[in-house]
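S.K.: Take this sequence and fold it.
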Amino acid sequence: MDPLRVRDVREWTEAVGDDADYLDYLSQQVGLGEWAAFTRAFMPRFVEVEGCILWDRAYEPDNFRTWYDQLRGDTTSIEATLNQFRLALYINIPEDRDSEAAASALAGEIAVSWRRCLRDAFPDRSFEVAASETEDGPVVSFVTVR
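M.R.: Numbering: from 1, shown residues only. Predicted structure coming up:
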């Protein structure tokens, strides 16, 4: 993904000039806390619960139990339901073609990173990780290949 495809980054770097790039943009716009939070978005942690591999942020015991009972213990369906990162819930994505394309590319990059993290955390398992478009915007999701 080319960060210069995002209007904010492109406009800032053009205004600053002097060969400013995405890293210069981040150094001026983002602090240590934001950098640390970004790492967890791109490199999440996972938990294993009753045969399901879940994004740690999506796991809440009572909610899990509700879905486990409703889906009759179908681990793939439970994972598909809970392991969803809906970007539009956390990112204000302007409704224009360039911004929507950038959000889609971002979801693709997150999916690549999640795939690596899952492979590192569970080297004996396979996962289907996807970045998909929905009417609500891009979604990153994963399930265990069984």
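
S.K.: Could you use CA atoms for every contact and neighbour count after this?
M.R.: Fine.

S.K.: Point to the residue nearest the middle of the protein.
M.R.: Taking CA atoms, centre = their mean as the criterion, Ile110 is the residue nearest the geometric centre of the chain, at 4.6 Å.

S.K.: mind listing what that residue touches?
M.R.: Applying CA atoms under 8 Å, 6 or more residues apart in numbering to Ile110 gives the contacts Ala41, Phe42, Val140.

S.K.: domains for this structure, by residue range?
M.R.: Domains of the chain are assigned by automatic domain parsing as 1-30, 31-144.

S.K.: Dump those domains to JSON lines, plus mean pLDDT.
M.R.: Below are the domains of the chain laid out as JSON lines (pLDDT from 0 to 100):
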{"stretch": "domain 1-30", "mean pLDDT": "91"}
{"stretch": "domain 31-144", "mean pLDDT": "97"}
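
S.K.: Please identify the deepest-packed of the ones you listed.
M.R.: Ranked by mean neighbour count, the domains of the chain are led by domain 31-144 with a mean of 16 (mean count of other CA atoms under 10 Å).

S.K.: quick one, phi/psi of the residue of the chain most remote from its centre?
M.R.: Using CA atoms, centre = their mean, the residue of the chain lying farthest from its centre is Asp18. It sits 32.3 Å away. As for Asp18, its main-chain torsions (degrees, to the nearest 10) stand at phi 50, psi 40.
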